[in-house]
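K.L.:
Kindly generate the corresponding structure for this input.
(2 chains)
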Amino acid sequence: MDTWLLPLARILVVVPSVLFRPAQPPVAGQQSLEYEVKAAYLLNFLGYTEWPTAVITTGNEPVRLCIAGRDPFGGAIDRVVQGQQIAGRPVAVERLTPDEPAGHCELLFVPASVAPGPWLTRAGPRTLTVGESSDFIDRGGMIELAVDAGRVRFDVNIGAAAARNIRLSSRLLRLARTTIRGPR
Amino acid sequence: MTGFRALPIGRKLVVIGLATVGLALFLNSTSALISTFVIMRQSIRDDVAAQSAILADNAAAAVAFDDAAAAQETLAPLRDKASVDVACLFDAGNRLFAKYQDPEPAPACPPAPPADGTVMSLQGVQSVAPMSIENRRVGTLYLHGTYDEVWEQLRAQTVGAGIGLVLSAVGALLLMQRLHRTLVDPLSHLSSVATRVSAKHDYSIRATKYTDDEIGSLVDAFNEMLSQVQTREADLSKVNVDLSREIVERQRMENERSVLLRREQEANRLKDEFLAALSHELRTPLNAILGWAQLLEQTGLEAKTATQGLASIHRNARAQARLIDDLLDISRIVSGKFHLKTQVVDATSVVTSAVEVVRASATAKAIELQAVAKSSCAVAADAERLQQVLWNLLSNAIKFTPTGGRVEVRVQPLGGECTIEVRDTGVGIAPEFLPYVFDRFRQADGSLTREHGGLGLGLAIVHEIVEMHGGSVSASSPGRDRGATFTVRLPLARGPVLSEVPSAPTPTHQPLAGARVLVIDDDRDAREIATAALGAAGAEIVAVASPEEALEQTSNGSVFSVLICDIGMRGMDGYEVLRRIRKQEAAAGRRTPAIAVTAHASAEDIARAKTAGFGWHVAKPVVVPTLLQTVIAAASTEPRN
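P.N.:
Numbers count the residues shown, from 1 in each chain, chains lettered A, B, ... in the order given. I've put the predicted structure just below:
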């Protein structure tokens, strides 16, 4: 499902933004395509991340992909992770209420609609933090998603990741728009 | 191929060497090229496959995060990779996402990614690999590798091999031109020697052996062959010489044979003539004897005529007996059984005696016979035989001397020899016959109608006897009708004359008086002659006609002084008769002297008679004086009781 969805999303995002910019396409549709791409990116991030062996859970426990606050994916995330595995473990989507702890999550997605501050403090020792706010990495987040020229790009705070001994693949880092080393 | 065949061996070797080296190098290079091709192709395949795996891994993130520029960047290192000319990245939707192409014309990306895997084709290697993140497929990498590197390598290798081939050929050529001499030079030497041998036919030439290999053995074998040929040639020429010598020898033998044949034919002719003469000579006296015998049987013959007839019979019978004596003498001479009883005698007395014997016949022809002996002449001789010689010569002289002629005998010692010369005034001897006068059976006139009788044995016997005495006899004649001279030369003997010459026996009256003689003969005439002759000498004769009667006589106690026995009798031969008589006598302790009287007069017969116990042998026809003398001799040996 993901194999055809991603390029389709790109075309659907890029082509209308170039050709039909003056016109007003339905925002909902545009929104949903953007999040379909982002959902795929989240899964990709998991693929290029290595957790410290001390904190990684073993066994058949799922890799938890937590969404903080209100879910912007509208079901796309569930479709993306459906049947996928990371390091031999299934992926489970967990939607967290604003007061819920996030220490157990392997990935914590902080949507733009949610203030990242409290969530970042709540993140656990093995939690890869991904956010949408434009100061996310400046506040100590690890990966910040941004839409640039109709494409979903990302910036990385290596210092934050390194502080938790989370190692991001060089292949991932090579694709980052910008890479910073702090704050932690 | 005929071109190659005509090449000298050296060139052949070069060609063969070059071909071998060339083929070896070509095969080697080809196999090297093939293995290079296979190995490189495989390595390119592996390389492309490995490359695609790495690239797929590297480019997966770029594709997953939709970063075309980054994707392009991951493909950028392929610029340094000559083996890869095209790389294409397809996203999850199989759309072309990014690509790399060599600046040179290279195949384009396929519209859609082919199935995963690595495929080799003639054009190149195609590798299709999945791009995944955590086993999630995010795209496909298509990589195409070229064989350019392979071709480049092969080209370089081919050029190298070609250069190597040329260098090897040149090297081999140089090496072989040097080496082939060791092979070819001995061969050319052998070949030139062989040519020289066959051109000059000189088999003494030898090839020199330079090497110990097969050519060396060939040279040895060739030399061996030459020496064999040489030996054989020498043998052949030797055989040729032998052959020609043998031919000459055969020719000589052939000539000898033809001479012998001619001689034999001559001898045969002589023998034929002799036989004719013999039958004539035997028949002539018989004519007279038979004629007179018939006349004497008739009654009323005048006493004077009868006396004349008896005298003729007597003369002719004696002539015939002498004839037979001559024949026997010749036979003995021929068979080497003629023996001499030599003693020293005076030749003069022998001559005188012989002259007296023939004087009667000379007187009858009115020939003057004269003996001239001036001094005695002692010779070692058998007196009887010497007398026979002279008698023969004198008889001949009288025979061939016409009435009124003259015969002279001279005896004289002359220069250590005793010379006896018999000279006549007769018909002489033709010069052409002179060399043959002493040959046996040879007569000057061989025809049946010849004037003079005789067998032609007389002179032959003379010749033989004289020679046996160690002397010589020769004949000379001034020519026909001018007389002839025969000369006998005998070596003079030293020492006294031992015995007197035996004179013709003059029988004393009744020399056998008181002797009893048993005559055994189945021939009546023989018995009667013996009876008459011996009876006249005073012997008492008992004559029997068969062996049985004889044995009867001897067994009844009669004692005889002498036995006279015929040998060839019917029923029992003389030997057997004597054997039986001797057996009877053995009991009485007697041994009567026995005389064999037989026509079997050969030397063997005489010897056999002696062996059988006969002390004497008298040949038939019986000559009465001889018989008488023999019986007297035998009787004198009888031990008289």
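K.L.:
At which residues are the helices of the chain located?
P.N.:
Using chain A. With DSSP state H as the criterion, chain A has helices at A:2-19, A:27-47, A:76-81, A:116-122, A:158-163, A:170-175.
K.L.:
Chain B was what I was after
P.N.:
Using DSSP H, the helices of chain B run over residues B:2-6, B:9-64, B:68-75, B:148-200, B:214-297, B:303-335, B:347-364, B:383-399, B:458-468, B:524-536, B:547-555, B:574-588, B:603-612, B:624-637.
K.L.:
show me where pLDDT drops low in the stretch 501-641 of chain B?
P.N.:
For the stretch 501-641 of chain B, the stretches with pLDDT under 70 are B:501-509, B:638-641.
K.L.:
Run through the bridge partners of the residue lying closest to residue B:374 once chain neighbours are set aside.
P.N.:
In this structure, residue B:374 finds its nearest non-sequential neighbour in residue B:412, 5.8 Å apart by Cβ to Cβ, 6 or more residues apart in numbering or on different chains. Every residue, glycine included, has its C-beta placed from N, CA and C. Per DSSP bridges, the residues bridged to residue B:412 are residue B:419.
K.L.:
any idea how far residue B:387 is from residue B:412?
P.N.:
Noted for residue B:412: a distance of 19 Å to residue B:387, by Cβ to Cβ, to the nearest Å.
K.L.:
neighbour count winner among those two?
P.N.:
residue B:387 (21 against 16; other Cβ atoms under 10 Å in any protein chain shown).
K.L.:
For the more buried one, which residues are in contact?
P.N.:
Applying Cβ atoms under 8 Å, 6 or more residues apart in numbering or on different chains, we find residue B:387 in contact with B:350, B:353, B:354, B:357, B:501.
K.L.:
Name the residue of chain B that lies nearest to chain A.
P.N.:
With Cβ to the nearest Cβ as the measure, residue B:92 is the residue of chain B nearest to chain A, at 3.3 Å.
K.L.:
Burial check on that residue, number of neighbours?
P.N.:
When neighbours are counted by other Cβ under 10 Å, residue B:92 registers 23.
K.L.:
shouldn't it be in contact with residue B:138?
P.N.:
Yes: here residue B:92 lies in contact with residue B:138, judged by Cβ atoms under 8 Å, at a distance of 5.5 Å.
K.L.:
residues contacting the most centrally placed residue in chain A?
P.N.:
Nearest to the mean C-alpha position of chain A, by Cα atoms, centre = their mean, lies residue A:42 at 3.7 Å. With contact set as Cβ under 8 Å, 6+ apart, residue A:42 has these partners: A:65, A:77, A:80, A:107, A:109, A:130.
K.L.:
hmm, try it at 10 Å
P.N.:
Residues near residue A:42 by Cβ atoms under 10 Å, 6 or more residues apart in numbering or on different chains: A:35, A:65, A:67, A:73, A:77, A:80-81, A:91, A:93, A:107, A:109, A:128, A:130, A:143, A:145.
K.L.:
Mind pulling the model confidence for it?
P.N.:
The score at residue A:42 is 92. That number is its pLDDT.
K.L.:
which helices and strands does the helix or strand of chain B with the lowest mean pLDDT pack with?
P.N.:
Every helix and strand of chain B was ranked by mean pLDDT, DSSP states H and E. The lowest is helix B:2-6, at a mean of 78. The helices and strands touching helix B:2-6, judged by 3 or more Cβ pairs under 10 Å, 6 or more residues apart in numbering or on different chains; DSSP states H and E, are helix B:9-64.
K.L.:
how many other residues sit next to residue B:430?
P.N.:
For residue B:430, the count of nearby residues is 13 (other Cβ under 10 Å).
K.L.:
swap that for residue B:579, please
P.N.:
Residues near residue B:579, counting by other Cβ under 10 Å, number 13.
K.L.:
My guess is it contacts residue B:612. True?
P.N.:
Yes: counting by Cβ atoms under 10 Å, residue B:579 touches residue B:612, with 7.1 Å between them.
K.L.:
Residues that sit against both of those two, list them.
P.N.:
Common neighbours of residue B:579 and residue B:612, using Cβ under 10 Å, 6+ apart, are residue B:573.
K.L.:
Could you find the closest non-adjacent residue to residue B:332?
P.N.:
residue B:338 (4.1 Å).
K.L.:
Actually, residue B:88.
P.N.:
With sequence-adjacent residues excluded and distances taken as Cβ to Cβ, 6+ apart, residue B:88 is closest to residue B:109, at 3.6 Å.
K.L.:
what's near enough to touch that neighbour?
P.N.:
Residues near residue B:109 by Cβ under 10 Å, 6+ apart: B:86, B:87, B:88, B:89, B:90, B:96, B:98, B:99, B:100, B:101, B:142, B:144.
K.L.:
Kindly report the same for residue B:163.
P.N.:
For residue B:163, counting by Cβ under 10 Å, 6+ apart, there are no contacting residues.
K.L.:
measure it to residue B:27 for me?
P.N.:
Here the criterion is Cβ to Cβ. By it, residue B:163 lies 17 Å from residue B:27.
K.L.:
and what of residue B:310?
P.N.:
Residue B:310 sits 141 Å away from residue B:27, taking Cβ to Cβ as the criterion.
K.L.:
How about residue B:545?
P.N.:
Remark: distance between residue B:545 and residue B:27 (Cβ to Cβ) = 131 Å.
K.L.:
Compare those two and say which is more crowded by neighbours.
P.N.:
The neighbour comparison of residue B:545 against residue B:27 (other Cβ under 10 Å) goes to residue B:545, with 17 against 10.
K.L.:
nearest spatial neighbour of that one, skipping sequence neighbours?
P.N.:
Spatial nearest neighbour of residue B:545, chain neighbours left out: residue B:522 (5.4 Å); criterion: Cβ to Cβ, 6+ apart.
K.L.:
Could you do residue B:106 as well?
P.N.:
residue B:85 (4.2 Å).
K.L.:
what does residue A:178 give?
P.N.:
Spatial nearest neighbour of residue A:178, excluding adjacent residues (Cβ to Cβ, 6+ apart): residue A:155 at 4.5 Å.
K.L.:
Quick check: bridge partners of the one you found?
P.N.:
Bridge pairing for residue A:155 - DSSP bridges - gives residue A:144.
K.L.:
Pull the number of nearby residues for the residue lying closest to residue B:348 once chain neighbours are set aside.
P.N.:
Once flanking residues are discounted, residue B:348 sits nearest to residue B:373: 4.2 Å by Cβ to Cβ, 6+ apart. Close neighbours of residue B:373, defined as other Cβ under 10 Å, add up to 18.
K.L.:
which residues does residue B:373 contact?
P.N.:
Shown in contact with residue B:373 (Cβ under 10 Å, 6+ apart): B:346, B:347, B:348, B:349, B:351, B:352, B:355, B:409, B:410, B:411, B:412, B:420.
K.L.:
switch the cut-off to 8 Å
P.N.:
So, once contact is read as Cβ under 8 Å, 6+ apart, residue B:373 ends up touching B:348, B:351, B:352, B:410, B:411, B:412.
K.L.:
thinking again about what came up before, adding distance to residue B:479 as columns, could you present the helices of chain B in CSV?
P.N.:
Formatted as CSV, the helices of chain B follow (distance: least, Cβ to Cβ, whole Å):
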stretch, distance to residue B:479
helix B:2-6, 96
helix B:9-64, 96
helix B:68-75, 164
helix B:148-200, 73
helix B:214-297, 24
helix B:303-335, 29
helix B:347-364, 24
helix B:383-399, 17
helix B:458-468, 19
helix B:524-536, 48
helix B:547-555, 61
helix B:574-588, 54
helix B:603-612, 41
helix B:624-637, 41
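K.L.:
what about the chain, any weak spots by pLDDT?
P.N.:
All of this is about chain A. For chain A, the stretches flagged by pLDDT under 70 are A:1-31, A:54-59.
K.L.:
wrong one, I was asking about chain B
P.N.:
B:1-2, B:441-456, B:495-509, B:638-641.
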